[in-house]
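sequence plus predicted model, see below.
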Amino acid sequence: MPAVLGLDTSNYTTSAAWFDGTRGENVGRLLEVPQGSLGLRQSEALFQHVKRLPEILSALKETGLPDTLDAFGASTRPREVEGSYMPCFLAGASQGQGMASVLARSFYPCSHQQGHIAAAAWSAGRMDLLDRPHLVWHLSGGTTELLYAQPEGVSVRAEAIGGTTDISAGQLIDRTGKRLGLAFPAGKAVDALSLQAKKRESFSVKVRACEFSLSGIENKMNALAQDGAAAEDICWYVLECIIRAVETATKQALERYPGLPVLCAGGVASNALLRQRMTRACEAVFAPPRFSTDNAMGVAVLTWRQHQEEQKHD
């Protein structure tokens, strides 16, 4: 069975994955972020990726990486839109192109967002979504977008139809974590604390045409912390506000696109409360938490699909 290799070097994680059309494995490692920081400069992220890729690839080999790889792929930009660029993606893109060139194999680029969509669809057992229109929430450290996705050849094209107009859900969660002295990224810790909340208050974020702002929630979060509110109650407040906004925006989108399935991708999509509520609200499809966070699995899936299509025409 032919197998391919995919690489993803996002602003938070170095990852590599292989895929053979049915099975696959991903190995990833978070970048090292100093305590109290909210991320890294692009130059530092790029340096860490370049330094880490050899060990990530060595670890991937131990997962049963096939001896023969027929193609290579990498995420080369954040989104599939004009002007989308981040230097950190150069690490994976240059490594993938180099290996493909030396071994006389094809190289297939994609966007980080396309990779998230493909990883979520494959790991949720819903590869059929890549071949039909659907709605996607891309909820990550830097992105909170509601997308209308449709097939584009064997890949997927995603158009933003909603989401935040200012800070992302992931940024709000990480800023909450920083305010509470939690390690970065703060998603897992904020999630766990929220489940211990005793005072479960929230605020209905105004949602218009599937868009909303989260900066007011950040201001309220800071005010709660200033007033000495319990950390678990603050975490509940923040997550509940995000979830209610996402639920409302999804409802509005489904009025425009009735009957479309809803796929949730990105690190924030691993949140337990969000998964529970969105499943109940619209039977949303979620990736397992392992494939919700940044990973190269979707890049490998798209690489395999593109390579298979190319082989048909040779």
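Structure received.

point to the residue nearest the middle of the chain.
By CA atoms, centre = their mean, the mean C-alpha position of the chain lies nearest to residue 266, the distance being 2.5 Å.

setting the sequence-adjacent residues aside, check what's closest to that residue.
residue 140 (3.6 Å; CB to CB, 6 or more residues apart in numbering). Quick note: C-beta positions are derived from backbone N, CA and C, even for glycine.

confidence score at that neighbour?
pLDDT for residue 140: 91.

which residues touch it?
Counting by CB atoms under 8 Å, 6 or more residues apart in numbering, residue 140 touches 116, 168, 170, 266-268, 294.

neighbour-wise, which of those leads?
residue 116 (34 neighbours; other CB atoms under 10 Å).

just the CA trace of the helix or strand hosting that residue, in CSV.
Per DSSP states H and E: residue 116 is located in helix 112-123. Written as CSV, here are the backbone C-alpha positions of helix 112-123 (Å, rounded to 0.1, in the frame of the first residue of the first chain):
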residue,chain,number,x,y,z
HIS,A,112,-2.5,24.7,7.8
GLN,A,113,-6.2,25.2,7.9
GLN,A,114,-6.9,22.7,5.2
GLY,A,115,-4.8,20.2,7.2
HIS,A,116,-6.9,20.8,10.3
ILE,A,117,-10.1,20.1,8.3
ALA,A,118,-8.7,16.9,6.8
ALA,A,119,-7.3,15.7,10.1
ALA,A,120,-10.6,16.2,11.9
ALA,A,121,-12.6,14.5,9.1
TRP,A,122,-10.3,11.5,8.9
SER,A,123,-9.9,10.9,12.6
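
outside of stretch 235-242, which residues touch it?
Stretch 235-242 is contacted by residues 169, 172-173, 176, 180, 190-191, 193-194, 197, 199-203, 205, 214, 217, 220-221, 224, 268, 271, 273-274 when judged by CB under 8 Å, 6+ apart.

in helices, which of these appear?
Of the contacts of stretch 235-242, the ones assigned to helices by DSSP state H are 169, 172-173, 176, 190-191, 193-194, 217, 220-221, 224, 273-274.

what's the helix or strand for the nearest residue to residue 246 once chain neighbours are set aside?
Using CB to CB, 6+ apart and skipping the chain neighbours, the partner closest in space to residue 246 is residue 137 (6.5 Å). Using DSSP H and E, residue 137 maps to strand 134-139.

could you dump that strand to PDB, C-alpha only?
The C-alpha trace of strand 134-139 is given here as PDB (Å, rounded to 0.1, in the frame of the first residue of the first chain):
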ATOM      1  CA  HIS A 134     -20.100  21.300   5.000                       C
ATOM      2  CA  LEU A 135     -19.600  23.800   7.800                       C
ATOM      3  CA  VAL A 136     -16.400  23.900   9.700                       C
ATOM      4  CA  TRP A 137     -15.400  25.700  12.900                       C
ATOM      5  CA  HIS A 138     -11.600  26.300  13.000                       C
ATOM      6  CA  LEU A 139     -11.000  27.000  16.700                       C
END
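
now do that strand against helix 112-123, angle only.
Interaxial angle, strand 134-139 versus helix 112-123 (axes from the mean of the first three to the mean of the last three CA atoms, to 10 degrees): 110 degrees.

can you list the strands that strand 134-139 pairs with?
strand 144-152 (antiparallel), strand 262-265 (parallel) (DSSP bridges).

same list (the ones you listed) but as TSV, adding distance to residue 54 and mean neighbour count.
Output for the strands paired with strand 134-139, formatted as TSV (distance: least, CB to CB, whole Å; neighbours: other CB atoms under 10 Å):
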stretch	distance to residue 54	mean neighbour count
strand 144-152	33	20
strand 262-265	28	26
